[in-house]
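Student: Curious how this folds, go ahead:
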Amino acid sequence: MRPAARIHRITRCLLLGAALCVPPAWSQSRQWWPELDLTLTCGRLNLLVPALTRLDARLPNPQFVAAGALGTVSLHRNLSVSAGYLFADLPQTDQVAHVPLVAITPSGSFRRWSFSDINRFERLLAYGSEPYRYRNRPAADYALGRRRALHLYAADEIFFALSPHRDWNQNRFQIGAGAVVRRSLRFEAYFLQRSTPGGKETSAFGTILTVALKTRRSS
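Tutor: Now for the predicted structure:
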């Protein structure tokens, strides 16, 4: 077996093992953040429909549930613009948030490396004082395998409150790995460390299953 094929198979096995071992990992990492994404691409437009939740082994669940839609248009090879809406529910505190958002993302690549810097602006309607927030998420990704169907990545997202007071809101550092299971199916597993004001730390193990839908071709 060629080295590239061996790496490919080993990485896929690790990702599958992570998916099957979610309950133990969940208990050790304190929280599990599973997510299902549906995507549809038509020309330069990509539509994303995410559905996600957050579960905590020590507390009543779910802690957080959200779903929405996000459209992204590629303006240039290295620049895209996104706009969308997310509905978030916090069942344990009887709070909800309607989140309209826009984002601009410059990106670049070099050999097997790719880089992006998401700049996202959003407002949390019907939640607290309905604050505006800015989120900045630089990320680096390294592709593996002859077909580059596997990848490792790291990202660090910083949240800033823009109103009613301008201050740092939270930070999320994330490392993970992903694989193309089939042409229309991708799986990712990651570890995330969230820091908030006051020194509160939250560790989470996350999984993302992405299903790419196909558009019908006219005859």
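Student: Tell me where this structure has strands.
Tutor: Taking DSSP state E, the strands of the chain run over residues 31-42, 45-56, 64-76, 79-90, 95-110, 113-123, 132-144, 150-161, 167-182, 185-196, 200-213.
Student: Asp37: neighbouring residues, count only.
Tutor: For Asp37, the count of nearby residues is 17 (other C-beta atoms under 10 Å). Any C-beta I mention is one placed from the backbone N, CA and C, and that applies to glycine too.
Student: My guess is it contacts Leu47. True?
Tutor: No. Asp37 is beyond contact range of Leu47, at 10.6 Å (criterion: C-beta atoms under 8 Å).
Student: In JSON lines, list the strands of the chain along with mean pLDDT.
Tutor: Formatted as JSON lines, the strands of the chain follow (pLDDT from 0 to 100):
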{"stretch": "strand 31-42", "mean pLDDT": "96"}
{"stretch": "strand 45-56", "mean pLDDT": "97"}
{"stretch": "strand 64-76", "mean pLDDT": "97"}
{"stretch": "strand 79-90", "mean pLDDT": "98"}
{"stretch": "strand 95-110", "mean pLDDT": "97"}
{"stretch": "strand 113-123", "mean pLDDT": "98"}
{"stretch": "strand 132-144", "mean pLDDT": "97"}
{"stretch": "strand 150-161", "mean pLDDT": "97"}
{"stretch": "strand 167-182", "mean pLDDT": "94"}
{"stretch": "strand 185-196", "mean pLDDT": "96"}
{"stretch": "strand 200-213", "mean pLDDT": "95"}
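Student: which residues pair with Tyr153 across the strands?
Tutor: Counting by DSSP bridges, Tyr153 is bridged to Asp141, Gly176.
Student: Could you do the one 4 residues further on as well?
Tutor: According to DSSP bridges, the partner residues bridging Glu157 are Arg172.
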